[in-house]
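Asker: Mind folding the following:
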Amino acid sequence: MKPVVSFWVAILATVVGLLIMTGGFLIFYDLHWGQRSIELLKAYYLDQVADTAEKEVARLARIGVQALLAQRYRFETGSYSTDDSIALARTLAAVLPADPDIEAITFREGATGRVMSATRVDGKEFVLTVSDPRIDGGIPKQFRADTLAPLLHAVPPAGSLGRDGYRRAVAEPETIVWIPHDTSAGLALGITAALAVRDPSGRVIGVVTVNFARSGIAGFLRSIKIGEHGSVVLFGSNDESLAGAPGQGREAAALAVARWTRETGSPIVDEKARRTEILIDGAKWNIVARSIPREAGPPWIVAAALPDSDFMGPVYANRRAALAIMVIGTALAVGAGVALSATIACSLEGATRALHGIAKFELEQPPRRRSMLREVAQLEDAVARVTASLRSFTRYAPEEIVRDVAASGQEAILCGQKREVTALFCDLRGFTAFTERLPAEDVVAILNDHFDLLVGIIAQHGGFVVDFLGDAVFAVFGALRPDADHAQRAVACAIEAQRARIARNHANRARGWPSMEMGAAISTGPAIVGNMGSLRRIKYGVVGSVVNVAARLETLTVGGQVLVADSTRQALGDQLVVDGPLEAEEKGVEGVMRFWEVKALRGEQVRVLPSPLPDLAPLATPIEARVRLILGKRIHRQSYPAQVYRLGPNGAEFESLAPLEVFSALQLSLPGRTSNECAETVDAKVMAAEEGANARRTVVRFTGVDWSTAVGIET
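Answerer: Just a heads-up that it's a prediction; the model follows:
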C-alpha cells in the first residue's frame with residue numbers, strides 16, 4: 001500500500017497529543033509493573049506448592065524405605081527365623097497395621113525359593129501367603145493372619161518381584177530397588193520396593209519387598225490439599241502417570257511433563273521446580289513439578305496442577321475492571337494521537353535498528369511491516385537496498401574485508417602487507433571432457449554444486465576463496481588475520497573436501513550426474529596480501545611464490561590426491577603422515593620442486609585421506625592394451641602396446657615400452673569384453689613407474705571416468 005501520511009503531519013499530531021500520551025504512558029507503566037508483581041507472587045506460591053507436594057510424596061517413599069531397613073535389621077540380627085514359613089509371614093504382617101499405606105510385605109528366600117508374605121485385604125484384615133517349590137510344586141497357600149484359618153477363596157497377589165527384580169536386588173545389596181508392577185501378569189497396578197537381606201554371618205539369604213498399590217497411592221495423593229481444586233499427580237522415570245485423581249488437573253500435568261521431556265530430551269532429573277501453563281478446554285492450569293531427591297527413594301516426579309482461577313481469579317477480575325474503566329475514560333481523548341505516535345516510534349525504531357545493524361555488519365534483520373508514513377517508508381526502502389547490496393558484495397570479496405570497510409566508514413584503499421599463509425588449489429580432473437558431452441545447463445549446475453560444497457568446507461576451516469579459476473578454486477589460509485594454525489587448517493580442509501567430494505559423487509549419481517574427481521595441492525610460505533588493482537576497481541588478492549608453487553603442484557595431482565610442498569610438511573612436522581618425497585621440475589618454479597603425498601593428519605582427531613587408487617584386482621590373464629602419450633594438450637600419434645596385469649575402475653597396472661615417467665599423462669585403450677564391443681579409452685596419469693625385465697612396469701590413475709565406463713572396466 002502506498003504511504004499517504006506526511007511526516008510533518010505526524011510530528012504535529014504527536015506534539016499536540018503529548019500531554020495525553022504522558023498520562024497513557026503512566027497507566028501502562030503501572031500495569032506493567034503490576035503484572036510483574038503478580039507473576040512474582042504466583043511463582044513464589046507455586047514454589048511453595050512444589051515443596052509441599054514433594055515432601056508429602058517423599059514421605060510415602062520414606063515409609064517403604066524405613067520398613068525395609070527395619071526388616072533387614074531384624075533378619076541380620078537373628079530376630080527373624082526362616083524355619084517356620086507361616087510364623088515368619090505372621091511376623092511380617094505386624095508391619096501392616098503400623099503403616100496403612102503399605103499394601104503387602106514379602107520375603108523371598110534365595111536358597112529354597114520359598115515365598116512368605118502378608119497382604120492387606122481390607123482395612124485391618126490381613127492374609128498370609130506361603131509357598132515352597134519343594135512342596136506341592138510351590139502352590140501358594142493362604143491363611144487369615146489373626147486365626148491362621150485357611151482361606152477358601154484365594155486373594156490376588158499384591159505384587160511380584162520377578163526373577164529380574166530379585167537379581168537386581170541381590171546384585172545391589174545396599175540399594176533399594178523400585179520396580180513397577182507388571183500389569184500383563186494380572187497384578188494390581190502399583191510399585192514394589194525391594195532390598196536384599198543377610199543372615200547374621202553376612203551372607204545374602206533373600207530379598208524382602210514392600211508393595212504399594214496404585215489405588216492406595218492415588219488415595220494418598222488425593223489427601224494432599226493443594227488449593228481448592230488442585231491435584232497432585234505422580235509420574236515414573238519414563239513420564240508414565242503412576243497415580244493421581246482423574247480430571248483436567250491430571251491431564252494438564254501429563255501434558256506439561258511430556259512437553260518438558262520433548263524440550264530437554266530427557267525426563268526431569270534435577271530437584272529444581274519447573275513451572276509452566278497448560279490450557280485444557282479453555283481453562284488455564286498452572287503446573288509445577290519436581291523430582292523426588294535420589295536419597296529419598298524412587299525416581300518419581302511429583303507434579304501439582306492448579307487452575308489459574310483458584311488464586312488469580314479475583315486478582316484478574318479486579319484488574320480487568322480497572323483496565324476497562326481506564327480504557328473507556330481515555331480512548332476518545334488519546335486514541336488518534338497514541339496510534340499515530342506509536343506508528344512513528346515503531347517505524348523509526350525499526351529503521352534505526354537496521355542502520356545500527358548495518359554499521360556492525362549484522363545484515364540478517366527480521367522482517368518488519370512496512371510503515372504507512374511516506375518519509376519513513378522511503379527510509380526503510382533505502383536501508384533495505386543498502387543491506388541487500390552489502391550482502392551481495394560479500395560474495396565478491398571476503399566478508400571480513402567488507403565488514404572492516406563498513407565498520408570504519410571509510411573508502412577502501414590500495415594496500416598490502418607481508419604475511420605467512422598457506423595456499424590451497426583444488427581442481428577437477430577431466431572436467432573439460434565432461435563439458436563436451438553434457439548440456440550447458442547441466443555443466444553450470446554441476447560446477448555450482450561443486451563450488452558450493454568447497455566454499456562451505458573452506459569457510460568452516462577458517463579460509464577464504466580468493467578466486468574461481470574455471471573449474472578450480474584458489475583459497476588461502478592465514479591471510480585475513482594472523483593464524484598460527486593456517487597450515488594445519490589448510491590440510492584438514494583438503495582432506496575433508498576430498499571425503500566430501502566422494503560422498504557427493506554417490507549422491508549425485510541418482511541425479512544422473514557424472515562422478516567428479518578433484519586434485520588438491522598446498523604450499524606454505526610468505527606472501528603479499530591486501531587490496532590490489534586500481535582506484536577504479538579493487539580486489540583482495542594474494543601474491544607470492546607460495547601461490548605459484550601450489551598452482552604448479554596442483555597440475556601434478558590425480559583425482560582424490562592431496563600434494564603438499566616441502567614447506568608445508570616442515571610447518572606441520574609429525575602431525576602430517578605422508579609418502580615421499582617426490583620431485584619434479586615445473587615451469588616458473590626455480591630449481592626442483594620437492595613435495596609429498598598426504599595420507600593423514602594428526603591432531604585433536606585423526607583425519608585420514610582415502611587412497612586415490614584403491615586396490616587393483618589382479619587379472620587371471622593379462623589384457624592387451626594400447627598406450628598413447630599426452631604431451632601438453634596434444635595426444636601423440638604413436639601408440640605402444642601394453643599388457644595390463646591389474647585393473648580397477650580407477651586405475652591399472654601394466655607393462656609397456658612407452659617412455660613413461662611419474663606424472664606423465666597418457667591415454668589407455670582397453671579392449672571390449674566381446675568382439676562386438678568397442679574399446680574403452682580413458683585418460684590417465686602415471687603414479688609410479690619402474691624398470692622391469694623386459695618393459696617398464698607402470699601404475700596409472702584414471703581421470704574423467706564416468707559411471708558407465710567405470711562399471712564397464714570393473715566388469
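
Asker: burial measure for Asn448, as a count.
Answerer: By the criterion of other Cβ atoms under 10 Å, Asn448 has 10 neighbours. Any C-beta I mention is one placed from the backbone N, CA and C, and that applies to glycine too.

Asker: Check which residues of the helix or strand encompassing it are buried.
Answerer: Assigned by DSSP states H and E, Asn448 belongs to helix 440-460. The neighbour-count check on helix 440-460 (16 or more other Cβ atoms under 10 Å) flags Asp442, Val443, Ile446, Leu447, His450, Leu453, Leu454, Val455, Ile457, Ile458 as buried.

Asker: Residues in contact with that helix: which ones?
Answerer: 424, 426, 428, 431, 434-435, 438, 464-465, 468, 471, 473, 475, 493, 496-497, 500-501, 504, 508, 513-514, 516, 518 (Cβ atoms under 8 Å, 6 or more residues apart in numbering).

Asker: cool, and stretch 241-251?
Answerer: 180, 191, 214, 217-218, 220-222, 229-236, 253-254, 280-281, 283, 285, 300, 305-307.

Asker: for stretch 689-699, what is the average pLDDT?
Answerer: In this model, stretch 689-699 has a mean pLDDT of 81.

Asker: Tell me the helix or strand right after the strand ranked longest in the chain.
Answerer: Criterion DSSP state E: the longest strand present in the chain is strand 517-533. Next along the chain after strand 517-533, taking DSSP H and E as the criterion, comes strand 538-543.

Asker: and that next one with strand 517-533, angle?
Answerer: 120 degrees (axes from the mean of the first three to the mean of the last three Cα atoms, to 10 degrees).

Asker: continuing past strand 538-543, what's the next helix or strand?
Answerer: Note on strand 538-543: by DSSP H and E, the next helix or strand toward the C-terminus is helix 545-555.

Asker: and the longest strand of the chain, which residues are buried?
Answerer: Using 16+ other Cβ under 10 Å as the test for burial, strand 517-533 gives 517-525, 527-532.

Asker: next one: stretch 532-549
Answerer: Of all the residues in stretch 532-549, those buried under the rule 16+ other Cβ under 10 Å are Met532, Ile538, Tyr540, Gly541, Val542, Gly544, Ser545, Val546, Val547, Asn548, Val549.

Asker: pLDDT and distance to Val608 for the residues you listed - can I get that in a markdown table?
Answerer: Shown next, in a markdown table, are these (pLDDT from 0 to 100; distance: Cβ to Cβ, whole Å):
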| residue | pLDDT | distance to Val608 |
| --- | --- | --- |
| Met532 | 75 | 38 |
| Ile538 | 71 | 41 |
| Tyr540 | 73 | 34 |
| Gly541 | 78 | 34 |
| Val542 | 86 | 29 |
| Gly544 | 87 | 31 |
| Ser545 | 87 | 30 |
| Val546 | 88 | 26 |
| Val547 | 89 | 28 |
| Asn548 | 88 | 29 |
| Val549 | 90 | 25 |
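
Asker: farthest-separated two in those?
Answerer: Ile538 and Val549 (26.1 Å; Cβ to Cβ).

Asker: hang on, isn't Ala689 packed against Leu660?
Answerer: Yes: at 5.6 Å, Ala689 counts as touching Leu660 under the criterion of Cβ atoms under 8 Å.

Asker: Neighbour count for the two, which is higher?
Answerer: Neighbours per residue (other Cβ under 10 Å) separate Ala689 from Leu660, with Leu660 holding more: 21 against 18.

Asker: circling back: in TSV, list the buried residues of stretch 532-549 along with distance to Gln248.
Answerer: Converted to TSV, the buried residues of stretch 532-549 look like this (distance: Cβ to Cβ, whole Å):
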residue	distance to Gln248
Met532	72
Ile538	69
Tyr540	65
Gly541	70
Val542	68
Gly544	74
Ser545	78
Val546	72
Val547	72
Asn548	77
Val549	75
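
Asker: Pull up the pairing partners for the longest strand of the chain, direction included.
Answerer: Within its sheet, strand 517-533 is paired with strand 415-429 (antiparallel), strand 538-543 (antiparallel), strand 562-565 (parallel), according to DSSP bridges.

Asker: Dump those to TSV, plus distance to Leu152.
Answerer: Listed next are the strands paired with strand 517-533 as TSV, based on distance: least, Cβ to Cβ, whole Å:
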stretch	distance to Leu152
strand 415-429	88
strand 538-543	97
strand 562-565	86
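
Asker: of those, which approaches Thr209 most closely?
Answerer: Nearest to Thr209, of all those, is strand 562-565, at 65.0 Å by Cβ to Cβ.

Asker: Need the residues that contact that closest one.
Answerer: Residues outside strand 562-565 that contact it (Cβ under 8 Å, 6+ apart) are 491, 494-495, 498, 519-525, 546, 549-550, 553-554, 556-557, 576, 578, 582, 593-598, 609.

Asker: next one: stretch 136-151
Answerer: 86, 90, 93, 113, 115, 118, 125-132, 154-155, 157.

Asker: Pull out the buried members of those.
Answerer: Buried among these (16+ other Cβ under 10 Å): 90, 93, 115, 118, 126-132, 155, 157.

Asker: So which of those belong to helices?
Answerer: Arg90, Ala93 (DSSP state H).

Asker: rewinding a little: now, which of the contacts of stretch 241-251 lie within strands?
Answerer: Per DSSP E, the subset of those in strands is 180, 191, 231-235, 280, 283, 285, 305-307.

Asker: List only those of these flagged as buried.
Answerer: Going by neighbour count (16+ other Cβ under 10 Å), these have Pro180, Ile191, Ser231, Val232, Val233, Leu234, Phe235, Trp285, Ala305, Leu306, Pro307 buried.

Asker: how about these in a markdown table, adding distance to Ser79 and pLDDT?
Answerer: Formatted as a markdown table, those follow (distance: Cβ to Cβ, whole Å; pLDDT from 0 to 100):
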| residue | distance to Ser79 | pLDDT |
| --- | --- | --- |
| Pro180 | 31 | 67 |
| Ile191 | 27 | 79 |
| Ser231 | 42 | 80 |
| Val232 | 37 | 82 |
| Val233 | 39 | 82 |
| Leu234 | 34 | 78 |
| Phe235 | 37 | 80 |
| Trp285 | 50 | 85 |
| Ala305 | 45 | 84 |
| Leu306 | 47 | 82 |
| Pro307 | 51 | 85 |
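
Asker: I figured Ile280 hits Ala252, correct?
Answerer: Yes: counting by Cβ under 8 Å, Ile280 touches Ala252, with 5.1 Å between them.

Asker: ok, how many other residues are close to Arg167?
Answerer: Neighbours of Arg167 under the rule other Cβ under 10 Å: 13.

Asker: tell me which element it falls in.
Answerer: helix 162-171.

Asker: Give the residue spans of the stretch 51-200 of the chain that score low on pLDDT.
Answerer: In the predicted model of the stretch 51-200 of the chain, residues 53, 56, 154-161, 180-190 satisfy pLDDT under 70.
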